[in-house]
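Q: Dropping the sequence and predicted coords here.
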Amino acid sequence: MSEGWFTSTREKQLIGVMILLIAGLAVTAVKTATRTSSSLFFRSPPTCSEQAAGSTIVQVVAPGAREGIYFFPNRPTVADVLEQAAPGKISLFDDENLQKTVHGGSQASIDFHRPFIRLERMEARVMLSLGIPVDINEVTEDDLVLIPGIGPATARAIMTLRDSRSGFHSISELADVRGIGKKRLEDVGAYLTLDREKGW
């Protein structure tokens, strides 16, 4: 019998077990990366219980700082955001601005040269990818088609109805759009909100 790579059945079994373990670890790593990735893949909106126990999500855009998506256990102040994204640079900003509250779904654009912080709404596609409902009175037609269950024709119909009413007063008004029944309203309504409290 010719000499092979393995010298015994025992060694073959051990190598087989090692391969299975490595494969299992690789699958686990991929699943973990998928859960934590900031790539824009849509997931189902959070349930009420998830929202109650959820975080305040803020996006930081600031060259020279730790840009990215931040999750705060409570609604943060500007100082809280700076402490995470640019520790050591808080002294550049005046105390009055540092105490301002930052709302969930905000994008904080920071300029350290002026210095200046601008708070505005995240892009709709980013909000949807994070499971944050978007304001039905603020979204564009292009934003609407990002929502599962809303195609181009339905998006146009929603925009037309919104314009005719000078804005929606309830998400349930979408039932007046042709093609949106009770079930579809429930599905797409989970991605939408009426944001009465403006933080921008």
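A: Thanks, I have the structure now. As the structure is a prediction and not an experimental result, all values here were calculated from the model.
Q: which phi and psi does residue 135 have?
A: Here is the backbone geometry of residue 135 (degrees, to the nearest 10): phi -70, psi 120.
Q: what about it, neighbour count?
A: 18 (other CB atoms under 10 Å). Where you see a C-beta, it was placed from the backbone N, CA and C, and this is true even at glycine.
Q: Please list all residues in contact with it.
A: 121, 192-195 (CB atoms under 8 Å, 6 or more residues apart in numbering).
Q: what residues does stretch 105-117 touch?
A: 57-62, 64-65, 78, 81-82, 85-86, 89, 92-93, 97, 102, 118-123, 126-127, 132, 199-200.
Q: Quick one: list the elements packing against the strand or helix carrying residue 57.
A: When elements are assigned from DSSP states H and E, residue 57 belongs to strand 56-61. For strand 56-61, the contact count by 3 or more CB pairs under 8 Å, 6 or more residues apart in numbering; DSSP states H and E identifies strand 68-72, helix 78-85, strand 106-111 as packing neighbours.
Q: ok, residue 164 to residue 140 distance?
A: Residue 164 is 17 Å from residue 140, where distance means CB to CB, to the nearest Å.
Q: same deal with residue 101?
A: For residue 101, the distance to residue 140 - CB to CB - is 27 Å.
Q: how about the strands in the chain?
A: Secondary structure of the chain (DSSP state E): strands at 56-61, 68-72, 106-111, 116-121, 134-135, 192-193.
Q: Could I have the CA atoms of the strand holding residue 57 written out in PDB?
A: The C-alpha coordinates for strand 56-61 follow below in PDB (Å, rounded to 0.1, in the frame of the first residue of the first chain):
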ATOM      1  CA  THR A  56     -31.600  56.000  20.700                       C
ATOM      2  CA  ILE A  57     -29.700  55.700  17.400                       C
ATOM      3  CA  VAL A  58     -27.500  58.600  16.200                       C
ATOM      4  CA  GLN A  59     -25.400  58.700  13.100                       C
ATOM      5  CA  VAL A  60     -22.100  60.800  13.300                       C
ATOM      6  CA  VAL A  61     -20.500  62.300  10.200                       C
END
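Q: In contact with residue 56: list those residues for me.
A: Residue 56 is in contact with 71-76, 102-104, counting by CB under 8 Å, 6+ apart.
Q: gap between it and residue 131?
A: Taken as CB to CB, the span from residue 56 to residue 131 is 13 Å.
Q: Enumerate every residue touching the nearest residue to residue 124 once chain neighbours are set aside.
A: In this structure, residue 124 finds its nearest non-sequential neighbour in residue 143, 3.8 Å apart by CB to CB, 6 or more residues apart in numbering. Applying CB under 8 Å, 6+ apart, we find residue 143 in contact with 124-125, 134.
Q: Now, of these, which are buried?
A: Neighbour-count burial within these applies to 124, 134; the criterion is 16 or more other CB atoms under 10 Å.
Q: Same list, the contacts of residue 143, but as CSV with pLDDT and distance to residue 172 please.
A: CSV is the format used below for the contacts of residue 143 (pLDDT from 0 to 100; distance: CB to CB, whole Å):
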residue, pLDDT, distance to residue 172
124, 93, 21
125, 91, 25
134, 93, 17
